[in-house]
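Enquirer: I need the structure of the sequence given here:
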Amino acid sequence: MNTEPVFDTPDDRHYSREHNIWAQRDDTGRVRVGVDSFLLSSLGELAYIALFDPGMAVTRGHSIGTLEAAKMTTSITAPISGIITAINEAVLADPQLINRDSYSEGWLAELDPTNWEAESSQLVTGDDIPAWAEESRQRLSDEAEYKG
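Expert: Residues are numbered from 1 along each chain as shown. Here you go, the predicted model:
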């Protein structure tokens, strides 16, 4: 029987290779960001979320907040640079919403990107997602064995 976890990686978004954060650009040009299923499996059930306030400028690769869970606390790293235009108040009130629906209702923040074309090209998308997802799954499996 296969006990490997199954990870969801919708192909309609871009993924940060290093930080396991997704980005999805809408028709207005705004970008929603959230946590992918690989990071969630490492964290476990979320207990607390802190996000920077709307209006703040963020830089790709720098923190926009923190996630606290039973297993650890980690920084939320911006997958792109921009201005925070909204934060998801629902996840601040109920952090486990991310555990239940990380790709839809559990988004974290919305950004007005300042350099989408250049920075999005550094994210994983389209046909590259399956190989990256397998690498992420293997990395998590190796980390679990090491902690084992």
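Enquirer: For residue 24, list the residues it contacts.
Expert: Residues near residue 24 by Cβ atoms under 8 Å, 6 or more residues apart in numbering: 12, 13, 14, 31, 32, 33. Yep, even glycine has a C-beta here, placed from its N, CA and C like the rest.
Enquirer: go with 10 Å
Expert: For residue 24, the contact set (Cβ atoms under 10 Å, 6 or more residues apart in numbering) comprises 10, 12, 13, 14, 30, 31, 32, 33, 34, 103, 107, 110.
Enquirer: what do you get for residue 81?
Expert: Contacts for residue 81 (Cβ under 10 Å, 6+ apart) come out as 57-62, 111, 113-116, 118-119.
Enquirer: again, only using 6 Å
Expert: 59, 60, 114, 115 (Cβ atoms under 6 Å, 6 or more residues apart in numbering).
Enquirer: ok, and the most crowded of those?
Expert: Highest neighbour count within the contacts of residue 81, by other Cβ atoms under 10 Å: residue 60, with 21 neighbours.
Enquirer: From what I see, that one and residue 119 are in contact.
Expert: Yes: using Cβ atoms under 6 Å, residue 60 makes contact with residue 119 at a distance of 5.2 Å.
Enquirer: related to what we said a few turns ago, which of the contacts of residue 81 lies closest to residue 133?
Expert: residue 60 (21.3 Å; Cβ to Cβ).
Enquirer: which non-adjacent residue is nearest that closest one?
Expert: Nearest residue to residue 60, sequence neighbours excluded (Cβ to Cβ, 6 or more residues apart in numbering): residue 81, at 4.6 Å.
Enquirer: Next up, phi/psi of that neighbour, please.
Expert: phi -90, psi 150 (degrees, to the nearest 10).
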